[in-house]
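Engineer: this is a predicted model, with the sequence first.
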Amino acid sequence: MNAAGGCPHPANARLLARGAVAPVVLPGGVEGMAVLGHDALRDFLAHPEVAKNARHFTALREGRIAEGWPLMTFATVPGMTTADGEDHRRLRSLVSKAFTPRRIEELRPRIEELTERLLDDLRRAAAAEGGVADLRRHFALPLPMGVIGELLGVDTEFRDRLHHLSNQVVATDIGPQEALAANRELVEVLSAVAAARAERPGDDLTSALIAARDGDGGRLSGQELIGTLVLMIIAGHETTLNLVTNAVRALCGHRDQLETVRRGDASWADVVDETLRWDAPVSYFPFRYPVRDLTVDGTLIPAGTPVLAGYSAAGRDPAAHGEDADRFDVTRPRRPGAVRNLSLGHGAHYCLGAPLARMEATIALERLFTRFPDLALAVPEEELPRPASFVGNSVRALPVRI
């Protein structure tokens, strides 16, 4: 994989032309595989003999992964993303209480209020800079960070630091010392958040997790608590941040699609769905491991191989989405009985926060383009800077003229 990130779509198209599964070389020369094809990925994500726990990662188990490996957090952080079976069900059940339809709907007024305030901030920022402002910095970032911060009970003083550290954790081109330092500091900051909530419990997920007992009387361990908070912070704001950013880029580059929505021939929810497919907020997500040798779409994946879920590639797979899969179309019909996109996962590890992410993005886009109907990119798409990661898929800044 290209550790420095960049736009994934040209390379994805070349790989998909060869097949649904591809060998990859991860940072540090670690050999792995990526599942790219939509149908192959759907089946792989739900396969009963594919695990998430790093004890199945052969190279790590055998001591062949260096300390400070950039992707170590993804492999080893304690929590839902590295748990299987009963352990995964236990952890998921504790967190799922914060993501019931009722709890998510209760957040709607707060999301709407925060959206309007941030749009005011965006206007002021643009006025101070000759009509141009970084939409990612002033709108797409503080919205999900504010929502997940409120959901978790994270005090405002911690939020900017957590965003910076989560960027470091998902970066795939940093050195071992930087990676170790970022992970240590992220744990320290989240430990401080947990300590604050333990001392002053509130109506938030962190307080609930600290107090939680599962059906057998067990408690979330300290490591599992911090690992769960790591997952919630990274997935809870990075994914929605990229989703909103990518949707704005798509609509600015496809004004006909924006007009389709304005005419009422498609909804803002359709925009969110098509953005998830066409420009997935997560490009390649680490890791899954076959517990035995598996043949996926004709390609052997040996047991213990670290496998990336190629969401950005699957979204533009012509075999699933037609020969025009690389075209952004908010009226795109769904294949009968098919999963429209896999960008928020599939199977037992489907993203718990998916309904919240969709709600945030739908509200954000509707209010943004209602307030600023002539909003446009201030620089050409090809000049937008890309993040140094093949995990996240977006741009580092989005200067817009409002």
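Structural biologist: Now that the structure is in, tell me what you want to look at.

Engineer: least trustworthy helix or strand in this structure by mean pLDDT?
Structural biologist: Sorting the helices and strands of the chain by mean pLDDT, DSSP states H and E puts helix 156-170 at the bottom, at a mean of 76.

Engineer: now do the SS call for residue 68.
Structural biologist: What DSSP: H, G, I helix; E, B strand; the rest coil gives for residue 68 is coil.

Engineer: mind listing the helices for the stretch 101-250 of the chain?
Structural biologist: Applying DSSP state H, counting those that start in this stretch to the stretch 101-250 of the chain gives helices spanning 101-106, 108-128, 135, 142-152, 156-170, 176-199, 205-211, 222-233, 239-253.

Engineer: coming back round to it: flag every buried residue along the least confident helix or strand of the chain.
Structural biologist: Applying a neighbour-count criterion of 16 or more other Cβ atoms under 10 Å, one finds 158, 159, 162, 163, 165, 166, 167, 168, 169, 170 buried in helix 156-170. Placement of C-beta: from N, CA and C, glycine included.

Engineer: tell me which element residue 386 falls in.
Structural biologist: Secondary structure from DSSP states H and E places residue 386 outside every helix and strand.

Engineer: kindly indicate which of the buried residues of helix 156-170 lies nearest residue 176.
Structural biologist: residue 168 (12.7 Å; Cβ to Cβ).

Engineer: returning to what we had before: tell me the most buried of the helices of the stretch 101-250 of the chain?
Structural biologist: Most buried of those, by mean neighbour count (mean count of other Cβ atoms under 10 Å): helix 135, with a mean of 28.

Engineer: low-scoring stretches of this protein, by residue?
Structural biologist: Scanning the chain with the threshold set as pLDDT under 70 gives 1-5, 169-174, 212-219, 335-338.

Engineer: tell me the contacts of the residue most central in space within it?
Structural biologist: When Cα atoms, centre = their mean is applied to the chain, the residue found nearest the centroid is residue 239 (3.2 Å). If you count contacts by Cβ atoms under 8 Å, 6 or more residues apart in numbering, residue 239 has them with 144, 281, 282, 344, 351, 353, 357.

Engineer: got the residues you listed as CSV, with distance to residue 247 columns?
Structural biologist: Converted to CSV, the contacts of residue 239 look like this (distance: Cβ to Cβ, whole Å):
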residue, distance to residue 247
144, 13
281, 9
282, 15
344, 14
351, 17
353, 17
357, 12
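
Engineer: what segments of the stretch 1-150 of the chain are strands?
Structural biologist: Along the stretch 1-150 of the chain, counting by DSSP state E, counting those that start in this stretch, strands occupy 21-26, 30-35, 50-51, 132-134.

Engineer: out of those, which comes closest to residue 221?
Structural biologist: Closest among these, using Cβ to Cβ: strand 50-51, at 20.1 Å.

Engineer: partner strands of the closest one, with direction?
Structural biologist: Under the criterion DSSP bridges, strand 50-51 sits next to strand 284-290 (antiparallel) in its sheet.

Engineer: which outside residues touch the next helix or strand after the partner strand?
Structural biologist: Using DSSP H and E, the next helix or strand after strand 284-290 towards the C-terminus is strand 294-296. With Cβ under 8 Å, 6+ apart as the test, strand 294-296 has contacts from 20, 21, 35, 40, 43, 44, 47, 49, 50, 300, 301, 303.

Engineer: excluding its backbone neighbours, what's nearest the fifth one?
Structural biologist: Read it as residue 43. Counting by Cβ to Cβ, 6 or more residues apart in numbering, the nearest residue to residue 43 once its immediate chain neighbours are dropped is residue 296, at 7.5 Å.

Engineer: so how far is residue 45 from the one you found?
Structural biologist: According to Cβ to Cβ, to the nearest Å, residue 296 and residue 45 sit 11 Å apart.

Engineer: from residue 166, how far off is the closest residue to residue 142 other than its chain neighbours?
Structural biologist: Distance criterion Cβ to Cβ, 6+ apart; nearest residue to residue 142, sequence neighbours excluded, is residue 118 at 5.8 Å. As judged by Cβ to Cβ, residue 118 and residue 166 stand 19 Å apart.

Engineer: contacting residues for residue 184?
Structural biologist: Applying Cβ under 8 Å, 6+ apart, no residues contact residue 184.

Engineer: please apply the same query to the one 3 residues further on.
Structural biologist: If you count contacts by Cβ under 8 Å, 6+ apart, residue 187 has them with 226, 230.

Engineer: now do 6 Å
Structural biologist: Neighbouring residues of residue 187 by Cβ atoms under 6 Å, 6 or more residues apart in numbering: residue 226.

Engineer: repeat for the one 3 residues further on
Structural biologist: Listed by Cβ under 6 Å, 6+ apart, the contact partners of residue 190 are 226, 229.

Engineer: ok, now how distant is it from residue 178?
Structural biologist: Separation of residue 190 from residue 178 (Cβ to Cβ): 19 Å.

Engineer: ok, residue 140 next?
Structural biologist: For residue 140, the distance to residue 178 equals 25 Å [Cβ to Cβ].

Engineer: and if you look at residue 49?
Structural biologist: Distance from residue 49 to residue 178, by Cβ to Cβ: 36 Å.

Engineer: residue boundaries of the helices in the stretch 301-402 of the chain?
Structural biologist: Counting by DSSP H, counting those that start in this stretch, the stretch 301-402 of the chain has helices at residues 311-315, 318-321, 354-371.

Engineer: fine, thanks again, bye for now.
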